[in-house]
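Enquirer: sequence and computational prediction follow.
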Amino acid sequence: MNICIATTDSEIAACYPVMRELRPHIAEDQFLSRVRNQETAGYRLAFVQESDGLVAVAGFRVGENLAWGRFLYVDDLVTLPAHRSKGYGAKLLAWLKEHAKKEGCVQFHLDSGTQRKDAHRFYEREGMTMNSLHFAENITPNNAFNPDAPKRRAG
């Protein structure tokens, strides 16, 4: 098992079939540009590669805020269904925690949808605790930074 950070366009694109399991709303033709846009804010993709291809992917970023200090936040963590319960997610999570230590982080965070009960059990088995509720509301943006907004044509 090999864990790497995707840096090239082809490596990022190869992560799409795995990420699609968690983020089916992102079209394949948008994936690379969305990842590249997020990289400007520190987003990175790590992947687990086996002889038959990529089996697990994690999107993450290192940040700092008043609440947590320096932290590593996992945006996305997913393993292909056929490869679940084989240790790939646990190895990737351990790799991310070690990466956080190397980056000088004092905390490690992720959010998980309330419906993802199997994921919650996995995170708890891996030593994580649920310590907050995350609240959200959809808004209609009024700027050009929305990657999902239709592109305006100059007229």
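Expert: Looks like it came in fine. Numbers count the residues shown, from 1 in each chain.

Enquirer: how would you label residue 58: helix, strand or coil?
Expert: The three-state assignment at residue 58 reads strand, by DSSP: H, G, I helix; E, B strand; the rest coil.

Enquirer: give me the helices and strands touching the helix or strand of the chain with the lowest mean pLDDT, please.
Expert: Every helix and strand in the chain was compared by mean pLDDT, DSSP states H and E; the lowest is helix 117-125, with a mean of 90. Applying 3 or more Cβ pairs under 8 Å, 6 or more residues apart in numbering; DSSP states H and E, we find helix 117-125 packed against helix 88-102. In this view, the C-beta of every residue, glycine as well, is placed from N, C-alpha and C.

Enquirer: now the angle from the helix it packs on to helix 117-125?
Expert: 50 degrees (axes from the mean of the first three to the mean of the last three Cα atoms, to 10 degrees).

Enquirer: for this structure, which segments count as helices?
Expert: Using DSSP state H, the helices of the chain run over 9-19, 28-39, 88-102, 117-125.
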